[in-house]
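1. Attaching a predicted model along with its sequence, questions to come.
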Amino acid sequence: MSADAAVRPDAVLSTAGVVAGYGGPPVVSSVDLQVGSGEVVTIVGPNGAGKSTLIKAIAGVLKISEGHVQLAGRDVTNWETDRLARHGVGYVPQNFEVFGELSVIENLEMGGYLVSRRALRRRMEEVIEVFPRLRMLAHRRADRLSGGERKMVAIGRALMPKPEVLLLDEPTAGLSAALSRQVLESHVTGLGELGVAVLMVEQKAQTALAISQWGYVLAAGTLRISAAAGEILARPDLGSVFLGDVIAG
């Protein structure tokens, strides 16, 4: 681990020794990581490394067979996604992130099910301030939006309960290079600036690490590198890292 770890913010969400999979042999093993307030942390690695499995386990979608997840010092291991949401954890899955038959406003309302009716409109305005384009799209059906617009709606919906932590699983999946940069450089960076702790799995590693403070490289289900994102980007063997050939030294 880099010496820069000492300057990271206190962990809002952390894992210790997490082992998870789909009922057979573990897909991820002995994973320790953390994310603090206002920090954007990205998990990268080769295809099949277990990145999405890990984020799903943290989000309560998959069962953790060993290890622990802590939220602000509280053990939340194997809490269901809905229970995590009630305690400040938002989750945007890679697929099925919007309700296509509903309008943008209706999608935001669905995300605000934990918000009181009195506060709902105010919270929607706060989310729209984060993503101003949603005001223009307010009454358009989500299935008629572009890929980038749907990502805005998905993240906006997850922000409705004011999460302290936001888990993003491949937020640029299916997007062009230009839209991917927009989602990462504008939307995800903005979340960190709002003080949200962002833990993200992303295949477009270089673009994601460029807007992150910390990075983890996962290969064959285990963490191989934990370092400041800039340090990972500066590695001369970066290409080998994403082929799963490098073990941190």
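-> Looks like it came in fine. Residues are numbered from 1 along each chain as shown.
2. residues of stretch 114-122 that come out buried?
-> The neighbour-count criterion (16 or more other C-beta atoms under 10 Å) identifies V115 as the buried residues of stretch 114-122. Yep, even glycine has a C-beta here, placed from its N, CA and C like the rest.
3. now it: mean pLDDT?
-> Predicted confidence along stretch 114-122 averages 87 (mean pLDDT).
4. so how far is that stretch off the chain centroid?
-> 24 Å (C-alpha atoms, centre = their mean, to the nearest Å).
5. Just the CA trace of that stretch, in PDB.
-> The C-alpha trace of stretch 114-122 is given here as PDB (Å, rounded to 0.1, in the frame of the first residue of the first chain):
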ATOM      1  CA  LEU A 114     -37.400   7.100   1.700                       C
ATOM      2  CA  VAL A 115     -37.900  10.900   1.500                       C
ATOM      3  CA  SER A 116     -40.900  12.400   3.300                       C
ATOM      4  CA  ARG A 117     -43.700  13.800   1.000                       C
ATOM      5  CA  ARG A 118     -43.000  17.300   2.400                       C
ATOM      6  CA  ALA A 119     -39.300  17.100   1.500                       C
ATOM      7  CA  LEU A 120     -39.700  15.300  -1.800                       C
ATOM      8  CA  ARG A 121     -40.000  18.200  -4.200                       C
ATOM      9  CA  ARG A 122     -37.200  20.100  -2.500                       C
END
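6. Name the SS class of the residue nearest in space to the middle of the chain, please.
-> Centroid-nearest residue in the chain: L168, 2.3 Å away (criterion: C-alpha atoms, centre = their mean). Following DSSP: H, G, I helix; E, B strand; the rest coil, the label given to L168 is strand.
7. Quickly find the element holding the closest residue in space to A20 that isn't next to it in sequence.
-> Closest residue to A20 apart from its sequence neighbours, by C-beta to C-beta, 6 or more residues apart in numbering: A57 at 3.7 Å. Using DSSP states H and E, A57 maps to helix 51-58.
8. got it, and A227?
-> Using DSSP H and E, A227 falls within strand 222-228.
9. pretty sure the residue nearest to A20 is touching Y22, no?
-> No - counting by C-beta atoms under 8 Å, A57 sits too far from Y22 to count as a contact (10.3 Å).
10. Neighbour count: these two, which is higher?
-> Between A57 and Y22, counted using other C-beta atoms under 10 Å, A57 has the larger neighbour count: 26 against 11.
11. my guess is V188 meets I211, correct?
-> Yes - using C-beta under 8 Å, V188 is in contact with I211, at 6.2 Å.
12. Now do the phi/psi pair for the nearest residue to A11 once chain neighbours are set aside.
-> Once flanking residues are discounted, A11 sits nearest to Q34: 3.9 Å by C-beta to C-beta, 6+ apart. With angles defined as degrees, to the nearest 10, Q34 sits at phi -150, psi 160.
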